[in-house]
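[1] Curious how this folds, go ahead:
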Amino acid sequence: MNGNNITEIKKLLDRYYNGETTEAEEKQLTCYFAGEDVADELLAEKEIFLQLMNVAEPQIPMGLEERLEGAIDSWEAAERKAAENRRRIRPMSIRAIVSIAASLILVVALGVSFAKSNIPTADLHAESNVTPEEAYQQTEKALRIFANALDKSMDGMETVNETSEKIQRQVNSSLEQINNI
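    Numbers count the residues shown, from 1 in each chain. Next comes the predicted model:
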């Protein structure tokens, strides 16, 4: 065998090992390695190639396709359910929180106004002795209480966000497992 043929066979072998050969090229390699005129430097390749060509196709177990379809369907159903749950547990936006806070302030202001309108006139004169500093302190105290309540609700929102992120990671992990099957 001449050097050009050996070079061509080596190139075909490289393409074969990379999965890039056509059936005709594989047949050409089979004919070459099945023959007696194999170059000494390709004898090891001959053994490997002939063993690869004699490997039987794996047998697919009965019912595998149905089991895979069932598993995929159940995973899809679980994913849809998780998506519905995420939509239901969506964290409140800042705009919603501010709206709720503004509503609470309005209700408190209306309540105080209503309560003051029911106080007898003599009591009104007694309360007019409140100094601006005392009024400021009371307002500051009320705002601190409101800020604490708002902080607690923000902490709750953070917990919801962390939980939804954990669920998302689990769903993504399951999807990766499905993709690897």
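
[2] for this structure, what's the longest helix?
    When the chain is scanned for its longest helix (criterion: DSSP state H), the result is helix 132-180.

[3] and it, what does it pack onto?
    If contacts are counted by 3 or more CB pairs under 8 Å, 6 or more residues apart in numbering; DSSP states H and E, helix 132-180 sits against helix 64-88, helix 94-117. Using the backbone N, CA and C atoms, a C-beta is placed for each residue, glycine as well.

[4] and the residue lying closest to residue 171 once chain neighbours are set aside, how many neighbours does it have?
    Among residues not flanking residue 171 along the chain, residue 82 sits closest, at 5.2 Å (CB to CB, 6 or more residues apart in numbering). The number of residues packed near residue 82 is 15, by other CB atoms under 10 Å.

[5] Could you check the pLDDT of residue 82?
    As predicted, residue 82 sits at a pLDDT of 80.

[6] And for residue 118?
    Per-residue pLDDT puts residue 118 at 57.

[7] And for residue 85?
    Note on residue 85: pLDDT of 72.

[8] out of the helices and strands packed on helix 132-180, nearest to residue 20?
    Closest of the helices and strands packed on helix 132-180 to residue 20 is helix 64-88, at 29.0 Å (criterion: CB to CB).

[9] Please point out which parts of that closest one sit buried.
    By 16 or more other CB atoms under 10 Å, the buried positions in helix 64-88 come out as residue 75.
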